[in-house]
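Asks: pasting the sequence and the predicted model now:
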There are 2 protein chains.
Amino acid sequence: MSARYQDIARQLERRLDAGEFPPGSRLPSVRRLASEHGVNSLTALAAYRWLEQRQRVLARSRAGFYAALPPADPLAHPAQALPSPATLVEVDSRMSQLLALSGSDIAVQLHMAEAHHSLYPSQELARRLQQTLAQRPELIGAYLPAAQEARLRRLLQSLAADWRLDLPEEEILFCNGITEGISLALRHLTRPGDTVAVETPVYFGLLQTLASLGLKALEIPCTPDAGLSLEALEFALQYGPPVRCLVTVTNFQNPSGALMPDDNKKRLLALARRHGLSIIEDDVFGELYFGNQRPTPLKAWDRDGDVVYCASFTKSLAPSFRLGWLSGGRHHEALARLRASSSLVSPALLLGALADLLASGDYARMSQKLRQQLAQQMERVADAVLAAFPRGTRLRRPQGGLLLWVECPEGLDSGRLLEAALAQSISFAPGMLFSAQPRFQHCLRLNFGQPWNAAQADAIAALGRLATEQLRRT
Amino acid sequence: MSARYQDIARQLERRLDAGEFPPGSRLPSVRRLASEHGVNSLTALAAYRWLEQRQRVLARSRAGFYAALPPADPLAHPAQALPSPATLVEVDSRMSQLLALSGSDIAVQLHMAEAHHSLYPSQELARRLQQTLAQRPELIGAYLPAAQEARLRRLLQSLAADWRLDLPEEEILFCNGITEGISLALRHLTRPGDTVAVETPVYFGLLQTLASLGLKALEIPCTPDAGLSLEALEFALQYGPPVRCLVTVTNFQNPSGALMPDDNKKRLLALARRHGLSIIEDDVFGELYFGNQRPTPLKAWDRDGDVVYCASFTKSLAPSFRLGWLSGGRHHEALARLRASSSLVSPALLLGALADLLASGDYARMSQKLRQQLAQQMERVADAVLAAFPRGTRLRRPQGGLLLWVECPEGLDSGRLLEAALAQSISFAPGMLFSAQPRFQHCLRLNFGQPWNAAQADAIAALGRLATEQLRRT
């Protein structure tokens, strides 16, 4: 009983729902829409006007129609937003579901963002920790690590200067992994009910942290090639709900692997300044670069102290130490107080051991070895995926990090693929985990942190076969 | 121009402000007030009615008048509430001020709640950690400590059973020091603006945590002899603002040293059940008992899962490990999720080392040695205080912990005493830190965690002289 323009509008709405047009992206012109549906331009325009009334599209004068932002609180209705296998649906339990795979006996595990323990200099770190203990056994009984902190701050200041990041020594604060740093920054910068801009695809752990703080996630497109779309962000800041802050993984984003170009880093800061937007920079992968030069953090160009920079040695040196750190700009003092009332201090023993290692000068060599191994493994995994996965599968080889983002042809359901893979004792992270919207069902995230061997090769070949079979059957 | 009854009321109000009558305590009878001021009973009654209108006192039928609760948000006006030396006034900076003393070169430091590092089995722990590393160097590269956690949970379950505390293995969660456990529990149980009942005197770090979460503290009297006053708590629950939860240090409270009797623990649980009150139990000192038997946590009698039990090995075994743990009762699952999104996991290496130590069976011996030393040091410090401090000084020797609460005669200003002490390179924690109300200006908290020696003896003698002089001059 609906008019023709309504049919057209509803079809377009379904394509919007499916994520075909991310918020801020330009929609087909009125003329093109008309010709697609074999109607005249007035009917096509009526369809757009109907969608405009429903706040699904925005008209920009003389520039056509654009996809509007999704409803502001996607996390409030995860069941609606995520029509996926029940075992992996709940936002709250995403991370624990995935962590549970780690405790299992799956033969080839590609679902985490980690390097195999053999890639870390465990023997050397163990020896160094033994020396630290032999020289200063009283460190174990040390309650407040003031001396270790002061020493480590100076060493980190000098390390960051090598990346062209100049930090005042007193603006370095330690925390329990980068997770605590980001959580503290969010707690300081936001109040429950606020909207936080994030990249999409986005690290699912961040969605969980936002949910736990009662925050709404506004997902801004991020592509493997160019990273966060500044155009989409600007559009969101202009037309969307008020955004309190942005969380961005500038270097080797999780899961897309994107490296934000330096120019974009500078433009992002200018954009943030214009809109009074605070930025939380997650640089947990920055030290895992494959090129000749460590990428410069966004924070390096921050003149106004609006960027809370968060980093960690968890991925790059000693996962079991859980030593993260942050530099909070003009929020630093407040963050230091919040940290003191949230978990007080970090383990003095580990702070001391890390300081000893950095002071020894061995870190550069250890880090280079890890990066070389990861770069080689990335190439092997990428080659294997391209050889085995169905035609039309796309990937971009990341310039660092631990993660390969694989975009299969539309129609593939990576949730179902995971079920089939688990039956063959292979795991990966399915695309649906990386958005509260059903945008990435056809994508998967593979960890290339495991040493390359026959089992890995077989596993990726098997994944490719399973994906091909699934697409053939649909 | 004011009537006589108003003069009397205003005098009484000043005594209430000064903390002479804690909330819930009974005020002089009408007859007594009348005779004190040489007026008739009707005038005294008018004074009480005037105070009742101002919500400073509560009338209970046939039982007389009682001190009402203080204004609900004492922390909002710290400058008003704390007329004390400027350097130590701000609630937010209390802890950092005190921590800063630790980084200094003060000769005799009695301001912390710590044992000297030589009292901890540092050499043995260092040797054991070296063994752990030699046997399993891969632990350093371990990202997720699932195996170490599972092992340690079983060992903690068995340890707690020795204190008559039966916990399901799956209801043990690790955290970064007890501070994180309490912070997580508060974040889960409350919303900003809520009122939380605490003991007074109260650990200043808790006041800071409450302030950082936008929570109001309602202080319930706690005496060295009997611990938390259940009468005052019941009164507060009946007549005060809605209270969301109670934080209580049941065993060797900080700073009073009070041990809550088992009967009171059971009565407190019944009271909480009647009023739908959740309880956060801080048992960080429980393992430092001087008697024959480890005190039983409140949690042992909790049938409904309303108690979030928090503990740590920071004071009792290895300060630099920062290994805390909690058992969240019916809130456990939510707390586990909150922990995952706040700091993910604890350092695998330290969890593994602690598990190795507990499995070895050496912990009991190490713990006993520490307790014996602390008990001896407590006696020395208490003797020295009683010998040196002005007549009228009171203390109760605690049955465990690290802290001695010293009540000097009224009129002593422990803030000024601290200034004089610092000039002689001696530190302690002044009473004003332990309440948002000016209740404990005449009190001080001394740490007896330092080995007894001539410098300690001289320092306490000097403190006593300074206190005596100050009282003489006023």
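Replies: Looks like it arrived, so ask away. Numbers count the residues shown, from 1 in each chain, chains lettered A, B, ... in the order given.
Asks: okay, now the unreliable bits of chain A?
Replies: Counting by pLDDT under 70, chain A contains low-confidence ranges at A:1-2, A:61-63, A:68-97, A:99, A:102-103.
Asks: within the sheet, what are the partner strands of the strand ranked longest in chain A, with directions?
Replies: Longest strand in chain A by number of residues, with DSSP state E as the criterion: strand A:216-223. If you go by DSSP bridges, strand A:216-223 pairs up with strand A:195-200 (parallel), strand A:227-228 (antiparallel).
Asks: looking at those, which is nearest to residue B:288?
Replies: Checking the strands paired with strand A:216-223 against residue B:288 by Cβ to Cβ gives strand A:195-200 as the closest, at 43.0 Å. (Each C-beta comes from the backbone N, C-alpha and C, glycine too.)
Asks: now the next helix or strand after that closest one: buried residues?
Replies: On the C-terminal side of strand A:195-200, the closest following helix or strand by DSSP states H and E is helix A:204-212. Neighbour-count burial for helix A:204-212 flags A:204-212 (criterion: 16 or more other Cβ atoms under 10 Å in any protein chain shown).
Asks: same check, this time on stretch A:305-317
Replies: Residues A:306-317 are the ones in stretch A:305-317 that count as buried (16+ other Cβ under 10 Å).
Asks: elements contacting whatever helix or strand residue A:417 lives in?
Replies: Per DSSP H and E: residue A:417 is located in helix A:414-423. In terms of contacts (3 or more Cβ pairs under 8 Å, 6 or more residues apart in numbering or on different chains; DSSP states H and E), helix A:414-423 is packed against strand A:426-430, strand A:443-447, helix A:454-473.
Asks: deepest-packed of the ones you listed, please.
Replies: Ranked by mean neighbour count, these are led by strand A:443-447 with a mean of 27 (mean count of other Cβ atoms under 10 Å in any protein chain shown).
Asks: sheet-wise, list the partners of that one with their directions.
Replies: Looking at strand A:443-447 with DSSP bridges, its partner strands are strand A:403-407 (antiparallel), strand A:426-430 (antiparallel).
Asks: would you format the ones you listed as CSV with distance to residue B:450 included?
Replies: Shown next, in CSV, are those (distance: least, Cβ to Cβ, whole Å):
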stretch, distance to residue B:450
strand A:403-407, 50
strand A:426-430, 52
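Asks: what does the stretch 151-300 of chain A have sitting close to chain B?
Replies: Neighbours of chain B within the stretch 151-300 of chain A, by Cβ under 8 Å from any Cβ of the partner chain: A:175-177, A:179-180, A:183, A:191-192, A:205, A:208-209, A:211-212.
Asks: can you give me the distance of the residue lying closest to residue A:3 once chain neighbours are set aside to residue A:7?
Replies: Counting by Cβ to Cβ, 6 or more residues apart in numbering or on different chains, residue A:46 is the residue found nearest to residue A:3 once chain neighbours are left out, at 7.7 Å. Going from residue A:46 to residue A:7 by Cβ to Cβ, to the nearest Å gives 11 Å.
Asks: tell me which of those two has more neighbours.
Replies: A direct count of neighbours by other Cβ atoms under 10 Å in any protein chain shown for residue A:46 and residue A:7 places residue A:46 higher, at 19 against 14.
Asks: export the helix or strand containing that one as CSV, just CAs?
Replies: Using DSSP H and E, residue A:46 falls within helix A:41-53. C-alpha atoms of helix A:41-53 as CSV (Å, rounded to 0.1, in the frame of the first residue of the first chain):
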residue,chain,number,x,y,z
SER,A,41,13.9,12.5,-10.2
LEU,A,42,11.0,13.8,-8.2
THR,A,43,10.2,10.3,-6.9
ALA,A,44,13.8,9.7,-6.0
LEU,A,45,13.9,13.1,-4.3
ALA,A,46,10.7,12.2,-2.4
ALA,A,47,12.5,9.1,-1.1
TYR,A,48,15.4,11.1,0.2
ARG,A,49,13.0,13.6,1.8
TRP,A,50,11.2,10.8,3.5
LEU,A,51,14.6,9.4,4.8
GLU,A,52,15.5,12.9,5.8
GLN,A,53,12.4,13.2,8.0
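Asks: which element follows that helix toward the C-terminus?
Replies: Following helix A:41-53 toward the C-terminus (DSSP H and E): strand A:57-60.
Asks: how about the helix holding residue A:46: buried residues?
Replies: Result for helix A:41-53 [16+ other Cβ under 10 Å]: buried residues A:43-48, A:50-51.
Asks: how about the strands of the stretch 1-150 of chain A, start to end?
Replies: With DSSP state E, counting those that start in this stretch as the criterion, the stretch 1-150 of chain A has strands at A:57-60, A:64-67, A:108-110.
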